[in-house]
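Chemist: Below are the sequence and a predicted model for it; my questions follow.
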Amino acid sequence: MLSLIVFLPIVAALVILAVPSSQKQIIRLVTLLAAVGQGVLAVLIWQAYDPALPGIIASPGGSPEGSFQLIERLPWISLDLGNFGSLTIEYFLGVDGLSITMVLLTALISIIGVLSSWTIKKQVKGYFILFNVLSTAMMGCFVALDFFLFYVFWELMLLPMYFLIGIWGGPNREYAAIKFFLYTLFGSVFMLLVMIGLYFSVIDPLTGNHTFSLVAMASQENYIPDAILGPESVVWRYAAFIVLFIGFAIKVPMFPFHTWLPDAHVEAPTPISVILAGVLLKLGTYGMMRINFPFFPEVFQASLYVIGVFGAINIIYGAFCALAQSDLKKLVAYSSISHMGYVLLGLAAGNSEGMTGALYQMFNHGTITAMLFLLVGVIYDRAHTRQIDKFGGLASYMPVYAGVVTVAWFASLGLPGLSGFISEAFVFVGAFSSEVTRNIAIVSVLGIVLGAAYLLWSLQRMFLGKRNPDAVYELRKGADGQEHIHFHDWNGKNDLDARELLMLTPLAVIIIVLGVYPMPVLGLITTSINQLVEVLSPVVLTASAAVN
Amino acid sequence: MHTLIQLSVIVLLLPLLSFVLLIFFNRRLPRSGDFLGVGILATAFALSAWIFWDVIVLHYDPAFRLTWDFTWIDFGDVPGVGPLQIRMGILIDNLTAIMLAMVTLISLLVHLYSTGYMTGEKYYGRYFAYLGIFTFSMLGIVLSDNLFSIYIFWELVGLSSYLLIGFFFEKQSAADAQKKAFLVNRVGDIGMWLGILILYSQFHTFGYQEIYDHIKNGDFHMSQAWLTAAGVLLFMGCVGKSAQFPLHVWLPDAMEGPTPVSALIHAATMVAAGVYFVGRIFVILTPDALHIIAFIGAVTAFMAATIAITQHDIKRVLAYSTVSQLGYMVLGLGVGAYSAALFHLLTHAFFKACLFLGSGAIIHAMHHEQDMRWMGGLWKKMPWTFATFTLATLALAGLPLTSGFMSKDAILAGALGFAEVEGGGIYYLIPVLGFFSAMLTAFYMGRQIWLVFFGESRTHLKPADEHHDDHHGHDDHHGHHEVHEVPWNMRLPLVILAALSVFAVYSPDPLDGGKGWFMHLVQTPPTAVSAPAGAFLLHGASAAEHPVETAAHGAGAAGEHAVEAGTGTHDSHGDTAEGHPPAHGEEEGEHHGPVYDDPRQAAISHEAHAAHDRAIMYSSVMVAIGIGLALIVYAFRFIDPEKTAQRIRPLYLYSFNKWYWDEIYDATVIRGSLLLSRIMAWFDSNIVDGIVNGVGAMVRKFGTASGNMDRYVVDGMVNFTAFFVQTTGAALKKFQTGKVQTYVVMVLLAVTGYVLYYFVQLLS
């Protein structure tokens, strides 16, 4: 089932290859079909998933069975390295609480992304082929349980993303694309080194061979004591933790590695922004939770404070930067940086409340930010500008749009009753309960006010009051005597049309439902998070050290 | 599930239903669905009245308490904590039942009133939807049994307040005011949130009762300073929502909202939620935290009263009066006059709602004129409004026979008692500010009554350039400026609210609210943070006999019983919560509070009781002075207000400009943050990104250098080799002429050379 959900888009891409490029509607529908197929599979996976199984590490016998679910495991590449033994790479998929949340999110955002791509006019065939490749790569990252396989999917993501920004982007697209590409590549080179080091340090308890299995790597007893990344090699373990962390932090993106994000967002077309903010950023924090932290738990425990400080910087610095933006999309991009800071803060708390909040925040940020970027796209399609001061008074003329914007904006500023609040609340609960990060949490609550400030201010400048004198739209008296809004070069519906509502409504419903009753998602993740906290906890570490 | 719990859940959800129906379907319904809003609220009020009847009248038990809760979030078996669940639930005690009835009643009256006041508005249906979500959130605050859910509803009332203040969002000032209200409230809320976090981090629960029990059992493992901090931080939520100094600045601006909204949200219910919340957390407030609360309340009461005396806008006077009265309530809680403060919350809700709706009637009748300078002589034209407005004014000013008299007097008595227990000195500032504010209140209300209702109409005096253009979609009837009494649907709420401002509703004795049902049913809970014994021996002589005296009445068990009831129902978690029979009713003829183990609480309770008569005397004198002054200035005109204002111009301007708080905040916080944001954005695009681009450029330079190296050195070698071969070849090719003669010569030369060489070798 997992292979199917991962490779369905690739199949769609192959089908599209065979379709002549003039058949744009067929190309779009094939992609939509694949995305909806993924959605159906995601729901089936969700139904089949047993939230009682913990995941994160193997079950007591050393087998991933009974801990992970829907496992698919085949030997993939086997190389005889002579004296070094043999190199075994497995095709190894499976889900636990961390990944199923992200699988659901990815499937959802992919569907939204396809619908949003309907407006792409340029080189439709190439666009959708790349889109499908991207879709496969993202899904693959979240279900891969072999480090090498994970790495392959991770790198596979870069290529379509580079072209999607670089060809279908805005005026400065090539700069943004290359910046994104190089930045991420920079991070992943080190990941490769650490990966190889880990391979030679870890033994699969079942076979006795070296392994790339993420499951085996998450248990400290599988490490060879005197190997390069074994428990005795303190310096190398710190170095490996740090470079891995930077690799993932670039994706989050964490200050000071964040500047690729605003550029990428500003240049990327709307659907790609949605995918980027909705899913790709989560890969960074997912990587931390799946790989970075459990492989080096003692280093993690030693770096809680530092991670927390970076989280706080993201929250507050991102919010201040957002406050200063005049381009709405850039504002949303910086708000994204700010909100991903909550994830970092929650992770730094190191306890169940904080980590649950962090993972839930990843999900909620995915849905909320997707909505924000879609809404930015709506006004950009019509007005061809995103300058906040070029509007004013839109609420009078586009009431439905204004209503949906209000929901999304308030979700983003963490209004209770909407999903973002719960995740941010538990990030704070966790961070405050941990004595290490308590002071950081106290400082970070400032982000709650700043978030409200930049969002409400932009809401006011664009939607409330009256039309700005230099607004990009005109008002014309209609037949009914009422004033109607008019955009240049826009023949569509002024207020939200059916396709836009089709994208926005499900997101809004999810945001509200998960804000009132979060258990549908939280129920999936708590067991895994508790397991993760257990794996990371200093008590377990000292115990296993005593065994060694 | 107990019937009362079921009823309260229905009451809670009804207004939400109203919101959902109206926000989506108001355009498709006749009359934009206003009848739905009114009807649903009427149902909610009827059910609340049922709850009120059952709890207050039938049970009549100070210890009445009913809880029900369910698991909202299940964290599973958390390492280091054990099974962890976040529970949500409902708590019904006497205070809840009273608040429930009060909120639904005023909301119903405001709904009804709005069907008249808001007629013809562009977003008429949406208005009732917003009222619905407000009522829902407010009821949520009232019914919550834990800090997490009260925080949720706390923010939700903030949202509804935001939406309603900005109802006329096309107006810039309204859009500014709504943003200001939300942001200022958020500042208070982050304090409240931190307070909640402190308590949660200790006990891993949000439930009031669990937290109080833990604290009572001494499970709070941080220092006492943290507990004080928790109390003060939680109180910050109240500072924001109840517009206490220094976060009071949003409330006067909130008057940009429609006037019925001002009555419901910004006078009667939401702003009082802060006081209600402090009442809920009262038992965990340390003496230090209470002192801070008392001073904040006193300063707020006084400051707002001094501002109210110079404002021209009829609603602004009432807004500052609201701030001032909220200050009284907070002061009351701070000094330990718990029942009195909450009593004032209730009485104030009715008379202030009456005043705001009355002012709405005046504004409506005056065609959106809000400036009192251009009113006058309205009593003949609007007799109903005049009568109800005056009655409510008397209650606000605190004249005998009104509800406000009893509650305000009880607070002031508490303040006097508090000052004596705390040892006087600086603590006397609190009652002094309280009494002085009472005088100012009487003065500015007297001024308002006179300017609005008496004298000659001054409409014609209004300068032409001061024409306010703030009719929003109303069909404004310029030209005919006839002033009429408002229709029945606006008059009825005024009459009901005015009737509820009469003493008899609350107590048989007009001079003593303590003899009434409210003070009997809502008694000061015993504190969970006992002050060290012996600290109050100075006044101990009287305090010591107090417990003995009341213990004889058997009321002592009341406090314990409440605790017992709470834990008992919680443990069962299900729907088995039972009402408690009025076990203590028969023994409580006199109005004695419960016995306090805590000597400080016992002393304050006793001293406040002793100060009762003095408080009546002082406050009557102050009110008389205030009204007398108002009459002298505005009725008899012995003193010309304009000339006086000129004479004390700096003071006048200080008051008129609201102590310049807006300007101060603008210059510091707002400009500061904006500047900071610009600096950070510059830093981001020039320094952080500059470094990134710099690294990029450096890598490129390095690339160029290595490219050059490649081109000139590595490639140079290759090229040199090629060049060498080429040159040599070119030189050699000269020998290859293609002529046989040349080759023959060359062969000959070569052979000759070789032979010569051979011979030389041979010879040597």
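Modeler: Nice, thanks for sending it over. Numbering: from 1, shown residues only, chains lettered A, B, ... in the order given.
Chemist: C-alpha only now, for contacts and for neighbours.
Modeler: Fine.
Chemist: Against which helices or strands is the helix or strand hosting A:N439 packed?
Modeler: For A:N439, the element it lies in under DSSP states H and E is helix A:438-444. Counting contacts by 3 or more Cα pairs under 8 Å, 6 or more residues apart in numbering or on different chains; DSSP states H and E, helix A:438-444 packs against helix A:297-324, helix A:419-433.
Chemist: Show me what it is in contact with.
Modeler: Applying Cα atoms under 8 Å, 6 or more residues apart in numbering or on different chains, the set of residues contacting helix A:438-444 from outside is A:G308, A:V309, A:A312, A:I315, A:I316, A:L345, A:F428, A:A431, A:F432, B:L194.
Chemist: Can you mark which positions in it are buried?
Modeler: Buried residues in helix A:438-444, counted by 16 or more other Cα atoms under 10 Å in any protein chain shown: A:R438, A:I440, A:A441, A:I442, A:S444.
Chemist: Point me to the residue of the stretch 401-548 of chain A nearest chain B.
Modeler: For the stretch 401-548 of chain A and chain B, the shortest gap (Cα to the nearest Cα) falls at A:G465, measuring 4.0 Å.
Chemist: Assumed that residue was part of a strand.
Modeler: No: according to DSSP: H, G, I helix; E, B strand; the rest coil, the state of A:G465 is coil, so it is not within a strand.
Chemist: show me what contacts the nearest residue to it once chain neighbours are set aside?
Modeler: In space, and not counting its chain neighbours, A:G465 is closest to B:E170: 4.0 Å by Cα to Cα, 6 or more residues apart in numbering or on different chains. The neighbours of B:E170, taking Cα under 8 Å, 6+ apart as the test, are A:G393, A:S396, A:L464, A:G465, A:K466.
Chemist: Let's see that with 7 Å instead.
Modeler: Neighbour list for B:E170: A:G393, A:L464, A:G465, A:K466 [criterion: Cα atoms under 7 Å, 6 or more residues apart in numbering or on different chains].
Chemist: One more: B:L629?
Modeler: B:F443.
Chemist: which SS class is it?
Modeler: Secondary structure assignment for B:L629 (three-state DSSP): helix.
Chemist: element containing B:L732?
Modeler: Going by DSSP H and E, B:L732 is part of helix B:715-733.
Chemist: Buried residues, that helix. List them.
Modeler: In helix B:715-733, counting by 16+ other Cα under 10 Å, buried: nothing.
Chemist: Wasn't B:P526 part of a strand?
Modeler: No: counting by three-state DSSP, one finds B:P526 to be coil, located in no strand.
Chemist: Give the other helices and strands that the helix holding B:L732 contacts.
Modeler: Helix B:715-733 sits against no helix or strand, with contacts defined as 3 or more Cα pairs under 7 Å, 6 or more residues apart in numbering or on different chains; DSSP states H and E.
Chemist: Next secondary structure element downstream of that helix?
Modeler: Going down the chain from helix B:715-733, the next helix or strand is helix B:740-763, by DSSP H and E.
Chemist: What are the buried residues along that next one?
Modeler: Going by 16+ other Cα under 10 Å, helix B:740-763 has no buried residues at all.
Chemist: the longest helix in the chain is where?
Modeler: Unless you meant another one, I'm taking chain A. When chain A is parsed with DSSP state H, its longest helix is helix A:352-383.
Chemist: hmm, I had chain B in mind actually
Modeler: helix B:172-203.
Chemist: Tell me where chain B has strands.
Modeler: B:65-78, B:82-93 (DSSP state E).
Chemist: Run through the residues of the stretch 51-200 of chain B sitting next to chain A.
Modeler: In this structure, the stretch 51-200 of chain B approaches chain A at residues B:73, B:75-76, B:78-79, B:152, B:155-156, B:169-172, B:175, B:179, B:183, B:186-187, B:190, B:197, judged by Cα under 7 Å from any Cα of the partner chain.
Chemist: go again using 6 Å as the cut-off
Modeler: B:F75, B:V78, B:I152, B:F169, B:E170, B:K171, B:Q172, B:R186, B:L197 (Cα under 6 Å from any Cα of the partner chain).
Chemist: In those, which residue is surrounded by the most others?
Modeler: Among these, B:L197 has the most neighbours (other Cα atoms under 10 Å in any protein chain shown), with 30 neighbours.
Chemist: which non-adjacent residue is nearest that one?
Modeler: Using Cα to Cα, 6+ apart, the closest residue to B:L197 is A:V429 (6.0 Å).
Chemist: which bits of chain B sit near chain A?
Modeler: B:75, B:78, B:152, B:169-172, B:186, B:197, B:201, B:677-678, B:680-681, B:689.
Chemist: Nearest to chain A: which residue in the stretch 51-200 of chain B?
Modeler: Relative to chain A, the nearest point of the stretch 51-200 of chain B is B:E170 (4.0 Å; Cα to the nearest Cα).
Chemist: what's the farthest-apart pair in the residues of chain B next to chain A?
Modeler: Spatially, the most separated pair among the residues of chain B next to chain A is B:V78 and B:K171, at 51.5 Å (Cα to Cα).
Chemist: Just the strands from chain A, written as ranges.
Modeler: Using DSSP E, the strands found in chain A span residues A:69-80, A:86-95, A:473-477, A:483-487.
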